[in-house]
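S.K.: Starting from these lines, generate the structure:
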Amino acid sequence: MKYYIIAGERSGDLHGASLMRELQIQDPDAGFRCWGGDMMQAVGGELVRHYKDMAFMGFIEAAANLPTIIRYLKECKADILQFKPDVVILVDYAGFNLRIAKYAKDQGIKVFYFISPKIWAWNQGRVHNIKKLVDRMFVILPFEEEFYGRFDYKVDYIGNPISDTVRAHVTSTDFINRNKLNNKPIIAVLPGSRKQEIERILFIMLSVLPAFREYQFVVAAVSNLNQDYYENFNRDTNIKIVYDQTYDLLAHAKAALVTSGTATLETALFDVPQVVCYTTSFISYWIGRSVIKVPYISLVNLIADKPIVKELIQNELTGRNIIAELKKILFDKMYIQQQQEGYQFIREKLGEANAAAKAAQLMVGYLKN
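M.R.: Here you go, the predicted structure:
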């Protein structure tokens, strides 16, 4: 069968690639065309456009790039029509993908959603549109099944793929030497993968370095942004930059400063104490505050449904506040223990996964039937 898969960011590329590997097992004749990244391409997907071209964050930022987004939508629709897939598989990325879902449905093409858009966080009324447009929804957070059930929409909970990728990771034994790191304990800095979020957050994260001279701050960089870009932030001998080695970095870290997103859950599953950091433009934040329906922004706190990690958001994201929280997760044994007990609670809620394998088996079954 022919599969058209669309992911709009780095984590979607990772999950899309895992799904493609499992679909190849379930369907040896599978052919893939995709909007994604290097990982999906490496699995055998014919890459139409890279997610780095579509990394627009925030309401104002998306509005400013509206002509580009409209052009990409037209390009994607034309490409789907030419490829004639058996199914379009959407990975999160709601603003773009829900428009593609309507187009695919109008063309009589099956639509599957792998990893639900976060409609439970804001504009929950979109669930009615999803019910009309999406043939099958595959969710990865325990509370999402109950959320959709409130709207009489049956979804498949497949477990969380992050649990799988963390569990499968084999930590490199030469990580320290290969990256020319010293013997100081490591504070991992995970600033995200989009330029917009990195430029707003990374300087603030690194501003606390003078208060922690006995540590080395190691930034998790991504190779789709060039090295010259990251060197703008490398202004101290205690700052190191490593590329595409986030899991190895977390495996060696004493603590972490983490931009809100998938990385907060990854950090928790590596059992690393963390401070969650987030800021955006004033207008985007003001709009977000008025529409967001959930009490937390980090996956860790959302899954636990209680505050496990400290979230420093917008005006609270200051060097002084980061220093205070970082000292707690480095030196306050009781505070560290409470956070790690929260991590264990999350592991128990997520359970065993094999999420991509479950999704692929279900998808092929639904298509054949």
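S.K.: so how many other residues sit close to Glu146?
M.R.: 13 (other CB atoms under 10 Å). The way it works is simple: take the backbone N, C-alpha and C, and place the C-beta from them, glycine included.
S.K.: in a helix, that's where it is, yeah?
M.R.: Yes. Glu146: assigned to a helix according to DSSP: H, G, I helix; E, B strand; the rest coil.
S.K.: confidence score at it?
M.R.: Glu146 is assigned 90 on the pLDDT scale.
S.K.: Now do the strands in the stretch 1-150 of the chain.
M.R.: 2-7, 31-36, 46-50, 87-91, 110-114, 136-139 (DSSP state E, counting those that start in this stretch).
S.K.: Out of these, which is closest to Lys328?
M.R.: Of all the strands of the stretch 1-150 of the chain, it is strand 136-139 that lies closest to Lys328, at 33.4 Å by CB to CB.
S.K.: With distance to Asn160 added, can I get the strands of the stretch 1-150 of the chain in TSV?
M.R.: As requested, the strands of the stretch 1-150 of the chain are arranged in TSV below (distance: least, CB to CB, whole Å):
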stretch	distance to Asn160
strand 2-7	17
strand 31-36	20
strand 46-50	25
strand 87-91	14
strand 110-114	12
strand 136-139	10
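S.K.: As CSV, these with mean neighbour count would be great.
M.R.: Shown next, in CSV, are those (neighbours: other CB atoms under 10 Å):
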stretch, mean neighbour count
strand 2-7, 25
strand 31-36, 24
strand 46-50, 16
strand 87-91, 26
strand 110-114, 24
strand 136-139, 23
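S.K.: okay, those in TSV with mean pLDDT and distance to Val208 next?
M.R.: As requested, the strands of the stretch 1-150 of the chain are exported to TSV (pLDDT from 0 to 100; distance: least, CB to CB, whole Å):
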stretch	mean pLDDT	distance to Val208
strand 2-7	97	33
strand 31-36	96	35
strand 46-50	96	33
strand 87-91	97	34
strand 110-114	97	38
strand 136-139	96	37
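S.K.: between these, which gets nearest to Ala188?
M.R.: Once the strands of the stretch 1-150 of the chain are compared by CB to CB, strand 2-7 is nearest, at 24.6 Å.
S.K.: residues making contact with that closest one?
M.R.: Strand 2-7 is contacted from outside by 13, 15-16, 19-20, 23, 30-37, 40, 45, 51, 76, 80, 83-93, 96-97, 100, using CB atoms under 8 Å, 6 or more residues apart in numbering.
S.K.: And the strands of the stretch 1-150 of the chain: which comes nearest Gln337?
M.R.: That would be, of the strands of the stretch 1-150 of the chain and by CB to CB, strand 136-139, which comes in at 31.3 Å.
S.K.: Who does the closest one pair with, and is each partner parallel or antiparallel?
M.R.: Strand 136-139 pairs in its sheet with strand 110-114 (parallel), strand 156-157 (parallel), by DSSP bridges.
S.K.: What's the mean pLDDT across the following helix or strand past the shortest one?
M.R.: The helix or strand immediately downstream of strand 156-157 is helix 161-168, counting by DSSP states H and E. In this model, helix 161-168 has a mean pLDDT of 90.
S.K.: what residue ranges in the stretch 151-300 of the chain score low on pLDDT?
M.R.: Low-confidence segments of the stretch 151-300 of the chain (pLDDT under 70): 280-294.
S.K.: could you pull out the helices for it?
M.R.: 161-168, 175-178, 195-206, 227-231, 246-252, 262-269, 282-291, 299-304 (DSSP state H, counting those that start in this stretch).
S.K.: Which of the ones you listed sits closest to Glu348?
M.R.: Of all those, it is helix 299-304 that lies closest to Glu348, at 10.3 Å by CB to CB.
S.K.: Now the helix or strand following the closest one: average pLDDT?
M.R.: Per DSSP H and E, the first helix or strand lying C-terminal to helix 299-304 is strand 310-313. Averaging pLDDT along strand 310-313 yields 95.
S.K.: do the same with stretch 359-369
M.R.: 96.
S.K.: Just the CA trace of it, in PDB.
M.R.: The C-alpha trace of stretch 359-369 is given here as PDB (Å, rounded to 0.1, in the frame of the first residue of the first chain):
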ATOM      1  CA  ALA A 359      -0.200   1.600  15.700                       C
ATOM      2  CA  ALA A 360       1.200   0.000  12.500                       C
ATOM      3  CA  GLN A 361      -0.600  -3.300  13.200                       C
ATOM      4  CA  LEU A 362      -3.900  -1.500  13.800                       C
ATOM      5  CA  MET A 363      -3.400   0.800  10.700                       C
ATOM      6  CA  VAL A 364      -2.800  -2.100   8.300                       C
ATOM      7  CA  GLY A 365      -5.700  -4.000   9.800                       C
ATOM      8  CA  TYR A 366      -8.100  -1.000   9.400                       C
ATOM      9  CA  LEU A 367      -6.900  -0.500   5.800                       C
ATOM     10  CA  LYS A 368      -7.300  -4.100   4.800                       C
ATOM     11  CA  ASN A 369     -10.800  -4.300   6.400                       C
END
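S.K.: Pull out the buried positions in it.
M.R.: Within stretch 359-369, the residues that qualify as buried by neighbour count (16 or more other CB atoms under 10 Å) are Ala359, Ala360, Gln361, Leu362, Met363, Val364, Leu367.
S.K.: out of the residues you listed, which are inside strands?
M.R.: Using DSSP state E, no member of these sits in strands.
S.K.: between these, which is closest to Phe114?
M.R.: Distances from Phe114 to these, taken by CB to CB, are shortest for Ala359, at 5.8 Å.
S.K.: That closest one touches Val155, doesn't it?
M.R.: No. Using CB atoms under 8 Å, Ala359 makes no contact with Val155, being 11.5 Å away.
S.K.: Overlap of the contact sets of those two?
M.R.: Joint contacts of Ala359 and Val155 (CB under 8 Å, 6+ apart) are Phe138.
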